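Peer 1: Let's see this in three dimensions:
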Amino acid sequence: MPDAVAVVSSIFSSIVWALVGVFLLILAVRIFDALDPIPYREEVRRGNVAAGIVLGALIIGMSIIVFAAIR
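Peer 2: From the prediction side, this is the model:
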């Protein structure tokens, strides 16, 4: 049976890495939005489905990259 310190340390580590991953995803979307001439987040707010698909693909792709980097 694992001791309590190891379990708490593992949980803490998982939370920290999850927060790092979320931060990197938000940063990637912001950089993409700044570099691309189309304001995708604004377009999604106006109901543009195509812009939502592009942002969704960006988030999925960056999630795979962040996961590989953290792992």
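
Peer 1: Show me the residue at the heart of this protein, geometrically.
Peer 2: Geometric centre of the chain, nearest residue: Leu25, 2.7 Å, by Cα atoms, centre = their mean.

Peer 1: Could you check how far that one is from Ala18?
Peer 2: Plainly put, Leu25 is 11 Å away from Ala18 if you go by Cβ to Cβ, to the nearest Å. C-beta coordinates here come from the backbone N, C-alpha and C atoms, glycine included.

Peer 1: and what of Ser63?
Peer 2: 12 Å.

Peer 1: if you count what's nearby, which of those two comes out ahead?
Peer 2: More crowded of Ser63 and Ala18, by other Cβ atoms under 10 Å: Ser63, with 15 against 11.

Peer 1: any idea which helix or strand carries the closest residue to the more buried one other than its chain neighbours?
Peer 2: In this structure, Ser63 finds its nearest non-sequential neighbour in Leu25, 6.4 Å apart by Cβ to Cβ, 6 or more residues apart in numbering. Counting by DSSP states H and E, the element that carries Leu25 is helix 4-35.

Peer 1: Mind checking the pLDDT average for the helix or strand just after that helix?
Peer 2: As assigned by DSSP H and E, the chain's next helix or strand after helix 4-35 is helix 40-45. Averaging pLDDT along helix 40-45 gives 88.
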